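Student: Sequence and computational prediction follow.
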Amino acid sequence: MTSVAEGHRSGAGLRTNKAPAPVQRPRLTVGFILAKRFTLCAFANFVDVLRLAADEGDRSRPILCDWAILSDTMDAVPSSSGVTVQPKERLGDPAKFDYIVVVGGLMDETPSLGAAYTKYLRQAADAGVPLVGVCTGAFFLHQIGLLDGHRCCVSWFHHADFLEQFDGLDPVADQIFIVDGNRLTCSGGASSAHLAAYLVEKHIGRAQASKSLHIMIIDDLYLPEKPQPGVTLDLKTQDPLVRRALLIMQQNIDFPLTVKEIAKRMGIGKRQIERHFSSALGISPQAAFLRIRLTFARHLVETTDKSIAQIAVDCGFCDSSHLSRMFRRRYENTPQEVRRTLLEGLG
């Protein structure tokens, strides 16, 4: 009889000649460039989708996905919340990644990425590596000429800032993200997770993308055309065309657009948008726009000390008398009466 010890020495019945399993190359690799004072939420949402899709369950091993935070100095990068993130590797060959993601943040405090990052991103573009702008990352890509000829997505909150700082580009602020060839941009926040899930679905599979979002307690995958959420409105609809039109209205409260101008921005006909509003909300686009402006005017009356004349200008009315007439029709009181009642209540 062969002893257990002899069996171990001889390997009888205990060893196999199986070759080690080949190391699986990740199907999706992402390099991150974090601007100083970057938005932590936007970065965390993006990278957590990759993390959760990269392995079975929630074990976080970078098997199907791999990612690295890149740096020219290897100094920790401060986020806008004060939390710092330590880079993993220095800038090298951008072609080793499937995507390079630039996560922006507070533009006033970080007016540019710097020469090293600019050079690296241009090398990536020359090598055909798709570039992704997250949050104000689109600002940086446009700043160095890498969004020329491409549509880009920015937050409705930063839309006016983008127009002020950059000429020659019309940013889109009524979609959660945009894929335009090898340029991908999103508005930040939860939209970062949806853009990351889009990449996971493309390179790994829909199941992994959905799993990531579900674990993060985020709704299932959204298409790029999903409208961004904006200022809270009492106009509720699931019609994506109407929701996009409402968002455009929100972004132009101080300078009301005609229905024809809104339709042109959306690439549809005036009659089409009118039919959708009638079906979804039971009112015309003009009436919806007026309601949005009056809702915002009431918000300013109740929460700020701005003069009624200034509120009228901010909400696109000719003067305070025009605002007061429309306000009374809607709320049965003038702005002055609403404010007086609030002040009496405080007293």
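Tutor: On my side now, so go ahead. Numbering: from 1, shown residues only.

Student: quick one, phi/psi of residue 112?
Tutor: Backbone dihedrals for residue 112, given as degrees, to the nearest 10, come out at phi -150, psi 160.

Student: Surely it touches residue 141?
Tutor: No - with contact defined as CB atoms under 8 Å, residue 112 and residue 141 do not form a contacting pair (11.7 Å). Every residue, glycine included, has its C-beta placed from N, CA and C.

Student: And these two? Which one has more around it.
Tutor: Under the neighbour definition other CB atoms under 10 Å, residue 112 and residue 141 were set side by side, and residue 141 has more, 25 against 13.

Student: how much space is there between that one and residue 91?
Tutor: From residue 141 over to residue 91 the distance is 16 Å, taken as CB to CB, to the nearest Å.

Student: With residue 278 instead?
Tutor: Distance check for residue 278 against residue 91: by CB to CB, it reads 55 Å.

Student: Same drill for these two, tell me which one is more crowded.
Tutor: Neighbour count, other CB under 10 Å: between residue 278 and residue 91, residue 91 has more, with 19 against 13.

Student: tell me the pLDDT at that one?
Tutor: pLDDT recorded at residue 91 is 97.

Student: Check which helix or strand the closest residue to residue 319 other than its chain neighbours maps to.
Tutor: Nearest-residue entry for residue 319: residue 312, 5.7 Å, with adjacent residues in sequence omitted and distances by CB to CB, 6 or more residues apart in numbering. When elements are assigned from DSSP states H and E, residue 312 belongs to helix 308-314.

Student: Quick check: mean pLDDT of that helix?
Tutor: The pLDDT scores in helix 308-314 average 93.

Student: next helix or strand past it?
Tutor: Beyond helix 308-314 in the direction of the C-terminus, DSSP H and E gives the next helix or strand as helix 320-331.

Student: That next one - contacts with which helices or strands?
Tutor: Applying 3 or more CB pairs under 8 Å, 6 or more residues apart in numbering; DSSP states H and E, we find helix 320-331 packed against helix 285-303, helix 308-314, helix 335-346.

Student: Flag every buried residue along the second one.
Tutor: It stands for helix 308-314. Buried positions in helix 308-314, judged by neighbour count with 16 or more other CB atoms under 10 Å: 308, 311, 312, 314.

Student: How many neighbouring residues does the residue nearest to the second one when sequence neighbours are not counted have?
Tutor: Counting by CB to CB, 6+ apart, residue 311 lies nearest to residue 300, which is 4.7 Å off, once chain neighbours are set aside. For residue 300, the count of nearby residues is 17 (other CB under 10 Å).

Student: give the contact list for residue 300.
Tutor: The neighbourhood of residue 300, defined by CB atoms under 8 Å, 6 or more residues apart in numbering, consists of 306, 311, 314, 315.

Student: Would you mind giving those as CSV with distance to residue 86 added?
Tutor: CSV is the format used below for the contacts of residue 300 (distance: CB to CB, whole Å):
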residue, distance to residue 86
306, 45
311, 47
314, 44
315, 46
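
Student: Which member of those residues is positioned nearest residue 252?
Tutor: Distance from residue 252 was checked for each of the contacts of residue 300 by CB to CB. The minimum falls on residue 315, at 10.9 Å.

Student: Could you pull up the contacting residues of the closest one?
Tutor: Under the criterion of CB under 8 Å, 6+ apart, the contact list for residue 315 reads 253, 254, 293, 294, 296, 297, 300, 323.

Student: Just the strands from the protein, written as ranges.
Tutor: All strands of the chain, identified by DSSP state E, fall at 28-34, 65-71, 77-78, 84-85, 89-90, 99-103, 131-134, 177-180, 183-186.

Student: Which strands border the third one, and is each parallel or antiparallel?
Tutor: Sheet pairing of strand 77-78 (DSSP bridges) gives strand 84-85 (antiparallel).

Student: what's in contact with the partner strand?
Tutor: Applying CB under 8 Å, 6+ apart, the external contacts of strand 84-85 come out as 34, 40, 43, 69, 76, 77, 78, 79.

Student: at 7 Å what do you get?
Tutor: Applying CB atoms under 7 Å, 6 or more residues apart in numbering, the external contacts of strand 84-85 come out as 34, 69, 76, 77, 78, 79.

Student: Which pair in the residues you listed has the greatest spatial separation?
Tutor: Checked with CB to CB, those reach their widest spread between 69 and 78, with 13.1 Å between them.

Student: So between the two, which is more surrounded?
Tutor: Neighbour comparison, residue 69 and residue 78: the larger count goes to residue 69, with 21 against 18 (by other CB under 10 Å).

Student: can I assume the more buried one is in contact with residue 90?
Tutor: No - using CB atoms under 7 Å, residue 69 is not in contact with residue 90, being 10.7 Å away.

Student: Please, where are all the helices along the stretch 51-200 of the chain?
Tutor: With DSSP state H, counting those that start in this stretch, the ranges of helices along the stretch 51-200 of the chain come out as 115-126, 137-143, 159-165, 190-203.
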